[in-house]
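Peer 1: Everything below, folded, please.
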Amino acid sequence: MLQLRKRDGGTRWRKDPTSYSPTVMKSALEKLAGVLFEHLDQEVEDIRGDSLKPYFKLEEIESIGR
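Peer 2: Next comes the predicted model:
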């Protein structure tokens, strides 16, 4: 079975799309889930309003996503 290699970056799949395996991709994402969600939770904390005050004006923050 096709295994993900560190630093592959998906180049093998881009060169040969038939080598892509959704099962391998799902497995890789499941292995990363804990670390990924921990990272994303920290990102949310880092971009909350009070954290941004020293770097942005209120008008700039309010215009994000418009």
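
Peer 1: Now tell me what touches stretch 40-50 from outside.
Peer 2: Applying C-beta atoms under 8 Å, 6 or more residues apart in numbering, the external contacts of stretch 40-50 come out as 51, 61. Heads up, the C-betas are built off the backbone N, CA and C, glycines and all.

Peer 1: Apply 10 Å and report the result again.
Peer 2: Contact with stretch 40-50 is made by 51, 52, 56, 58, 61, 64, as judged by C-beta atoms under 10 Å, 6 or more residues apart in numbering.

Peer 1: okay, now the second one: neighbour count?
Peer 2: Pointing back at residue 52 there. 15 (other C-beta atoms under 10 Å).

Peer 1: mind listing what it touches?
Peer 2: 46, 58, 60, 61, 64.

Peer 1: Just the pLDDT for the fourth one.
Peer 2: Same thing as residue 61. For residue 61, the pLDDT comes out at 78.

Peer 1: name the helices or strands packed onto whichever helix or strand it is part of?
Peer 2: When elements are defined using DSSP states H and E, residue 61 is found to belong to helix 58-63. Counting by 3 or more C-beta pairs under 10 Å, 6 or more residues apart in numbering; DSSP states H and E, the packing neighbours recorded for helix 58-63 are helix 49-52.

Peer 1: Give the rounded mean pLDDT of the helix it packs on.
Peer 2: On average, helix 49-52 scores 78.

Peer 1: thinking again about what came up before, take the contacts of stretch 40-50 and write them to JSON lines, including distance to residue 41.
Peer 2: As requested, the contacts of stretch 40-50 are exported to JSON lines (distance: C-beta to C-beta, whole Å):
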{"residue": "51", "distance to residue 41": "14"}
{"residue": "52", "distance to residue 41": "17"}
{"residue": "56", "distance to residue 41": "22"}
{"residue": "58", "distance to residue 41": "25"}
{"residue": "61", "distance to residue 41": "21"}
{"residue": "64", "distance to residue 41": "20"}
